[in-house]
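Asks: based on what follows, work out the 3D shape:
(one chain, ligands or ions: 1)
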Amino acid sequence: MANATIILAGIVTLIIGVPLIDYSIPGKEIDELAGETWSPLDQSDWQKLTRSEIPLRVSFARKQTDGYFLPHAVEDYVWGVKMSEAQWETMKRNRPHLFEAHSATTVPYVNRIYVAGFVIFSPICPHLGCRFAWNANMNRFLCPCHGSVYTRDGEHVAGPAPRGLDPLPLREREGKAEITWIRYKSSTPDRVVVSY
Ligand code: FES
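Replies: Sure, this is the predicted structure:
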(Lines give C-alpha, C1' and ligand atoms only; values in the text may rest on other atoms or scores of the structure.)
Protein backbone atom coordinates (compact mmCIF):
# COMPACT_ATOMS: atom_id res chain seq x y z
CA MET A 1 0.00 0.00 0.00
CA ALA A 2 2.82 2.36 0.99
CA ASN A 3 4.69 1.64 -2.24
CA ALA A 4 1.57 2.22 -4.32
CA THR A 5 1.06 5.57 -2.60
CA ILE A 6 4.66 6.60 -3.32
CA ILE A 7 4.37 5.58 -6.98
CA LEU A 8 1.07 7.43 -7.33
CA ALA A 9 2.56 10.56 -5.73
CA GLY A 10 5.50 10.34 -8.13
CA ILE A 11 3.23 10.15 -11.16
CA VAL A 12 1.17 13.13 -9.97
CA THR A 13 4.34 15.14 -9.33
CA LEU A 14 5.59 14.37 -12.83
CA ILE A 15 2.28 15.31 -14.46
CA ILE A 16 2.09 18.64 -12.63
CA GLY A 17 5.76 19.43 -12.27
CA VAL A 18 7.11 18.88 -15.78
CA PRO A 19 4.85 21.44 -17.52
CA LEU A 20 5.53 23.99 -14.76
CA ILE A 21 9.28 23.59 -15.13
CA ASP A 22 8.91 23.61 -18.90
CA TYR A 23 7.09 26.96 -18.99
CA SER A 24 9.35 28.59 -16.43
CA ILE A 25 12.48 28.24 -18.57
CA PRO A 26 13.52 31.80 -19.50
CA GLY A 27 14.21 32.61 -23.12
CA LYS A 28 12.28 29.56 -24.29
CA GLU A 29 11.91 29.40 -28.06
CA ILE A 30 8.36 30.13 -29.05
CA ASP A 31 8.40 27.19 -31.48
CA GLU A 32 8.73 24.85 -28.56
CA LEU A 33 5.54 25.94 -26.85
CA ALA A 34 3.18 23.01 -26.75
CA GLY A 35 0.21 22.53 -29.07
CA GLU A 36 -1.86 24.93 -31.14
CA THR A 37 0.34 27.91 -30.42
CA TRP A 38 0.32 29.23 -33.96
CA SER A 39 -2.86 30.59 -35.57
CA PRO A 40 -3.11 31.29 -39.30
CA LEU A 41 -4.03 34.82 -40.31
CA ASP A 42 -6.96 35.35 -42.65
CA GLN A 43 -5.59 34.90 -46.16
CA SER A 44 -7.69 37.62 -47.73
CA ASP A 45 -6.72 40.18 -45.05
CA TRP A 46 -3.09 39.17 -45.41
CA GLN A 47 -3.20 39.70 -49.16
CA LYS A 48 -4.64 43.18 -48.60
CA LEU A 49 -1.85 43.92 -46.14
CA THR A 50 0.81 42.95 -48.67
CA ARG A 51 -0.53 45.74 -50.93
CA SER A 52 -1.10 48.34 -48.21
CA GLU A 53 1.20 51.16 -47.14
CA ILE A 54 -0.90 51.83 -44.04
CA PRO A 55 -1.47 49.45 -41.09
CA LEU A 56 -4.46 47.13 -41.48
CA ARG A 57 -6.54 44.90 -39.26
CA VAL A 58 -5.92 41.22 -39.97
CA SER A 59 -8.40 38.62 -38.71
CA PHE A 60 -7.64 35.28 -37.18
CA ALA A 61 -9.33 32.66 -35.02
CA ARG A 62 -8.04 32.73 -31.46
CA LYS A 63 -8.32 29.74 -29.19
CA GLN A 64 -10.14 30.70 -26.00
CA THR A 65 -10.16 28.68 -22.82
CA ASP A 66 -12.29 29.54 -19.83
CA GLY A 67 -13.68 27.82 -16.79
CA TYR A 68 -17.01 26.74 -18.18
CA PHE A 69 -16.46 25.76 -21.81
CA LEU A 70 -14.11 23.53 -23.71
CA PRO A 71 -11.42 25.43 -25.66
CA HIS A 72 -13.11 27.07 -28.62
CA ALA A 73 -12.21 29.48 -31.41
CA VAL A 74 -13.25 33.13 -31.28
CA GLU A 75 -12.87 35.64 -34.08
CA ASP A 76 -10.28 38.27 -33.30
CA TYR A 77 -7.81 40.52 -35.10
CA VAL A 78 -4.33 41.96 -34.88
CA TRP A 79 -2.74 44.98 -36.54
CA GLY A 80 -0.38 44.30 -39.41
CA VAL A 81 2.25 46.77 -40.58
CA LYS A 82 4.23 46.41 -43.79
CA MET A 83 7.82 47.56 -43.28
CA SER A 84 10.83 47.96 -45.50
CA GLU A 85 14.25 46.98 -44.17
CA ALA A 86 14.97 50.67 -43.56
CA GLN A 87 11.72 51.11 -41.59
CA TRP A 88 12.54 48.03 -39.56
CA GLU A 89 15.98 49.44 -38.73
CA THR A 90 14.27 52.66 -37.63
CA MET A 91 11.89 50.69 -35.43
CA LYS A 92 14.81 48.94 -33.76
CA ARG A 93 16.46 52.28 -33.09
CA ASN A 94 13.25 53.86 -31.78
CA ARG A 95 12.29 50.93 -29.58
CA PRO A 96 15.50 49.49 -28.12
CA HIS A 97 13.70 48.20 -25.03
CA LEU A 98 12.12 45.47 -27.14
CA PHE A 99 15.51 43.98 -27.85
CA GLU A 100 17.76 44.67 -24.87
CA ALA A 101 19.18 41.61 -23.19
CA HIS A 102 18.10 41.00 -19.60
CA SER A 103 15.37 43.62 -19.73
CA ALA A 104 11.84 42.98 -18.51
CA THR A 105 10.50 44.92 -21.48
CA THR A 106 12.16 42.60 -24.00
CA VAL A 107 10.07 40.07 -25.90
CA PRO A 108 11.43 36.50 -25.93
CA TYR A 109 11.05 36.12 -29.69
CA VAL A 110 13.06 39.00 -31.17
CA ASN A 111 13.78 36.98 -34.31
CA ARG A 112 10.08 36.64 -35.01
CA ILE A 113 8.99 40.28 -34.79
CA TYR A 114 9.97 41.22 -38.34
CA VAL A 115 9.18 38.44 -40.80
CA ALA A 116 8.86 38.66 -44.59
CA GLY A 117 8.62 42.44 -44.38
CA PHE A 118 5.85 42.65 -41.78
CA VAL A 119 5.33 43.36 -38.09
CA ILE A 120 2.20 42.30 -36.21
CA PHE A 121 0.92 44.17 -33.15
CA SER A 122 -1.48 42.98 -30.50
CA PRO A 123 -4.64 45.13 -30.73
CA ILE A 124 -4.70 45.60 -26.94
CA CYS A 125 -3.64 49.01 -25.60
CA PRO A 126 -0.93 48.51 -22.94
CA HIS A 127 -2.55 51.16 -20.72
CA LEU A 128 -5.79 49.52 -19.56
CA GLY A 129 -6.59 47.09 -22.32
CA CYS A 130 -8.88 48.99 -24.72
CA ARG A 131 -8.58 48.40 -28.44
CA PHE A 132 -6.75 51.12 -30.36
CA ALA A 133 -7.08 51.85 -34.08
CA TRP A 134 -5.08 53.37 -36.90
CA ASN A 135 -5.86 57.03 -37.63
CA ALA A 136 -4.80 57.74 -41.21
CA ASN A 137 -5.12 61.53 -40.82
CA MET A 138 -2.70 61.63 -37.91
CA ASN A 139 -0.55 58.78 -39.20
CA ARG A 140 -0.72 57.31 -35.72
CA PHE A 141 -2.39 54.54 -33.74
CA LEU A 142 -4.86 56.13 -31.29
CA CYS A 143 -6.56 54.63 -28.29
CA PRO A 144 -10.08 56.04 -27.78
CA CYS A 145 -10.23 55.37 -24.04
CA HIS A 146 -7.61 57.71 -22.58
CA GLY A 147 -5.83 59.10 -25.60
CA SER A 148 -2.62 57.12 -25.83
CA VAL A 149 -0.86 57.65 -29.14
CA TYR A 150 1.61 55.36 -30.93
CA THR A 151 3.65 55.68 -34.09
CA ARG A 152 3.41 53.29 -37.04
CA ASP A 153 6.12 51.14 -35.49
CA GLY A 154 4.36 51.03 -32.13
CA GLU A 155 6.41 53.57 -30.21
CA HIS A 156 4.45 55.28 -27.45
CA VAL A 157 4.50 59.05 -28.01
CA ALA A 158 1.61 60.49 -25.95
CA GLY A 159 -0.99 59.61 -23.34
CA PRO A 160 -0.88 57.49 -20.19
CA ALA A 161 0.26 54.14 -21.62
CA PRO A 162 3.38 52.85 -19.81
CA ARG A 163 4.99 51.24 -22.88
CA GLY A 164 4.76 50.92 -26.64
CA LEU A 165 2.59 48.46 -28.55
CA ASP A 166 3.30 44.78 -28.09
CA PRO A 167 4.53 42.95 -31.19
CA LEU A 168 3.40 39.35 -31.59
CA PRO A 169 5.48 36.44 -32.95
CA LEU A 170 5.01 35.97 -36.69
CA ARG A 171 6.07 33.18 -39.02
CA GLU A 172 5.36 31.90 -42.51
CA ARG A 173 4.45 28.25 -43.05
CA GLU A 174 3.55 26.74 -46.41
CA GLY A 175 2.69 30.12 -47.82
CA LYS A 176 0.52 31.14 -44.86
CA ALA A 177 1.27 33.76 -42.23
CA GLU A 178 0.75 32.61 -38.66
CA ILE A 179 0.92 34.36 -35.31
CA THR A 180 1.08 33.41 -31.69
CA TRP A 181 -1.45 35.23 -29.56
CA ILE A 182 0.00 36.60 -26.34
CA ARG A 183 -1.88 38.65 -23.78
CA TYR A 184 0.46 40.93 -21.81
CA LYS A 185 -0.31 42.60 -18.51
CA SER A 186 -1.64 46.15 -18.79
CA SER A 187 -0.43 49.25 -16.92
CA THR A 188 3.15 48.18 -16.51
CA PRO A 189 6.30 49.14 -18.40
CA ASP A 190 7.42 45.51 -18.27
CA ARG A 191 6.13 42.87 -20.64
CA VAL A 192 4.54 40.30 -18.35
CA VAL A 193 2.79 37.45 -20.11
CA VAL A 194 -0.73 36.89 -18.80
CA SER A 195 -1.75 34.15 -21.21
CA TYR A 196 -1.08 32.57 -24.58
S1 FES B 1 -6.69 51.96 -22.45
FE2 FES B 1 -5.67 52.92 -24.09
S3 FES B 1 -5.15 54.86 -23.33
FE4 FES B 1 -6.14 53.90 -21.68
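
Asks: show me what contacts Ser84?
Replies: By CB atoms under 8 Å, 6 or more residues apart in numbering, the contact set of Ser84 is Gly117. C-beta: built from backbone N, CA, C; applies to glycine.

Asks: domain ranges for this structure?
Replies: Using automatic domain parsing, the domain ranges for the chain come out as 1-34, 36-195.

Asks: which stretch in the ones you listed has the least confidence?
Replies: Among the domains of the chain, domain 1-34 carries the lowest mean pLDDT, at a mean of 47.

Asks: shouldn't Ala86 be within a helix?
Replies: Yes. Using DSSP: H, G, I helix; E, B strand; the rest coil, the assignment for Ala86 is a helix.

Asks: quick thing: my sequence starts at 243, can you match it?
Replies: Yep, numbering from 243; the last one is Ala328 now.

Asks: how about the residues of this protein by the ligand?
Replies: Within reach of the ligand by CB under 6 Å from any ligand atom, the chain has these residues: 367, 369-372, 385, 387-390, 401-403.

Asks: can you select the buried ones from these in PyMOL?
Replies: Applying 16 or more other CB atoms under 10 Å to these leaves a buried subset, and the PyMOL line that selects it is:
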select buried, resi 367+369+385+390+401+403
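
Asks: how far away is Glu340 from the ligand?
Replies: Careful, residue 340 is Leu and not Glu. Here Leu340 is placed at a distance of 19 Å from the ligand (CB to the nearest ligand atom, to the nearest Å).

Asks: same check on Leu410?
Replies: Distance of Leu410 to the ligand, computed by CB to the nearest ligand atom: 18 Å.

Asks: all strands for the protein, in order.
Replies: In the chain, the segments counted as strands under DSSP state E are 280-282, 298-306, 314-324, 360-363, 375-377, 382-384, 391-392, 398-400, 412-415, 418-422, 425-426, 435-437.

Asks: got CSV for the ones you listed, with mean neighbour count and distance to Gln289 too?
Replies: Converted to CSV, these look like this (neighbours: other CB atoms under 10 Å; distance: least, CB to CB, whole Å):
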stretch, mean neighbour count, distance to Gln289
strand 280-282, 17, 13
strand 298-306, 17, 10
strand 314-324, 17, 11
strand 360-363, 22, 12
strand 375-377, 14, 18
strand 382-384, 21, 22
strand 391-392, 21, 25
strand 398-400, 15, 30
strand 412-415, 15, 14
strand 418-422, 20, 10
strand 425-426, 17, 27
strand 435-437, 10, 29
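
Asks: make a markdown table out of the ones you listed and add distance to Leu340.
Replies: Compiled in a markdown table, the strands of the chain are given as follows (distance: least, CB to CB, whole Å):
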| stretch | distance to Leu340 |
| --- | --- |
| strand 280-282 | 21 |
| strand 298-306 | 20 |
| strand 314-324 | 14 |
| strand 360-363 | 10 |
| strand 375-377 | 20 |
| strand 382-384 | 16 |
| strand 391-392 | 13 |
| strand 398-400 | 12 |
| strand 412-415 | 14 |
| strand 418-422 | 16 |
| strand 425-426 | 12 |
| strand 435-437 | 15 |
